[in-house]
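Fold the stuff below for me.
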Amino acid sequence: MKKIICITVLVFITSSFTVSKKIEALITKEVKSVFSVETFQKQHISILNDIRKELPQKLTEFNFFKVYNNQKLLGYYYYGQAYGKADYFDFIVIFDNNLIVSKVKVLVYREDHGGEVGSKRWLNQFSGKSKADNLIYQKDIAAISGATISAKSMTNEINKLLKTVQILHQKQLL
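This is a model prediction of the structure:
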């Protein structure tokens, strides 16, 4: 009985830190589209725990990757979650090899209201932003009526990511 419980707990813990096949397929589609490639390889970015602790954005071996094609660095991508009014939503940020945001896309939005945060037009505001940018909601990033919480949350998450990328670049990890 103890063995079954241990295995069940281990499976639960392992599966809770991985990306579902559906999300992975959406990420693959976006990465291929942004970099105009048929295939790519991803490599987890290793970060020592002492550096990881000083980063504003939590990075794991499942959410931040270098993207290669034929051993050539194309860029990076980050898979994250932001909070809406009552639930989290999943998004991806794709950077070029100069750490400039190429694309931001909401992959899964789980609420009835606020889905406008996933509109291409609104998300395009993040394209071209870099590690040097500090985005201010309602100044640099337009507000969305009916999606205020999601839009603020997304802006905050992208800001944390840009600051994280800046720190990693300064430490020559990117």
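
Give me the sheet partners of the longest strand along the chain and which way each runs.
The longest strand of the chain (DSSP state E) is strand 72-83. Applying DSSP bridges, strand 72-83 is found paired with strand 64-69 (antiparallel), strand 88-96 (antiparallel).

I'd like the average pLDDT over that strand.
Averaging pLDDT along strand 72-83 yields 97.

TSV for the strands paired with strand 72-83, including distance to V104 and mean pLDDT?
Just so you know, the C-beta spots here come from the backbone N, C-alpha and C atoms, and that holds for glycine as well. TSV is the format used below for the strands paired with strand 72-83 (distance: least, CB to CB, whole Å; pLDDT from 0 to 100):
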stretch	distance to V104	mean pLDDT
strand 64-69	15	97
strand 88-96	5	97
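
between these, which one is nearest to R121?
strand 88-96 (15.6 Å; CB to CB).

what's in contact with the closest one?
Here strand 88-96 makes contact (CB atoms under 8 Å, 6 or more residues apart in numbering) with 23, 26-27, 30-31, 34, 67, 74-83, 101-111, 117-118, 126, 150, 154, 157-158, 161, 165.

export the strands paired with strand 72-83 to TSV and tack on mean neighbour count and distance to Q41?
Converted to TSV, the strands paired with strand 72-83 look like this (neighbours: other CB atoms under 10 Å; distance: least, CB to CB, whole Å):
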stretch	mean neighbour count	distance to Q41
strand 64-69	20	5
strand 88-96	21	15
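
Is the closest residue to P56 other than its chain neighbours in a helix, a strand, or coil?
Leaving aside its sequence neighbours, P56 sits nearest to K160 (CB to CB, 6 or more residues apart in numbering; 4.2 Å). What DSSP: H, G, I helix; E, B strand; the rest coil gives for K160 is helix.

so K160 sits right up against Y78, yeah?
No - here K160 does not reach Y78: they are 10.3 Å apart, not a contact under CB atoms under 8 Å.

Low-confidence ranges, this protein, go.
1-18 (pLDDT under 70).

same thing but 50
3-16 (pLDDT under 50).

what touches both of K160 and Y78?
Common neighbours of K160 and Y78 (CB under 8 Å, 6+ apart) are Q57.

So the two - more neighbours on which side?
Using other CB atoms under 10 Å, the more surrounded residue of K160 and Y78 is Y78, with 22 against 15.

Identify the bridge partners of the nearest residue to the more buried one once chain neighbours are set aside.
Excluding the flanking residues, the one nearest Y78 by CB to CB, 6+ apart is V93, at 4.6 Å. Assessed by DSSP bridges, V93 has beta-bridge partners Y78, V104.

returning to that earlier point: okay, the longest strand of the chain in CSV with CA atoms only?
This file holds the C-alpha atoms of strand 72-83, laid out as CSV (Å, rounded to 0.1, in the frame of the first residue of the first chain):
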residue,chain,number,x,y,z
LYS,A,72,22.7,27.9,-34.9
LEU,A,73,21.2,29.9,-32.1
LEU,A,74,17.9,31.3,-33.3
GLY,A,75,16.7,32.7,-30.0
TYR,A,76,14.9,31.8,-26.8
TYR,A,77,11.5,31.2,-25.5
TYR,A,78,9.8,31.4,-22.1
TYR,A,79,6.6,29.6,-21.2
GLY,A,80,4.8,31.1,-18.3
GLN,A,81,1.6,31.7,-16.5
ALA,A,82,-0.2,34.9,-15.5
TYR,A,83,-3.2,35.4,-13.2
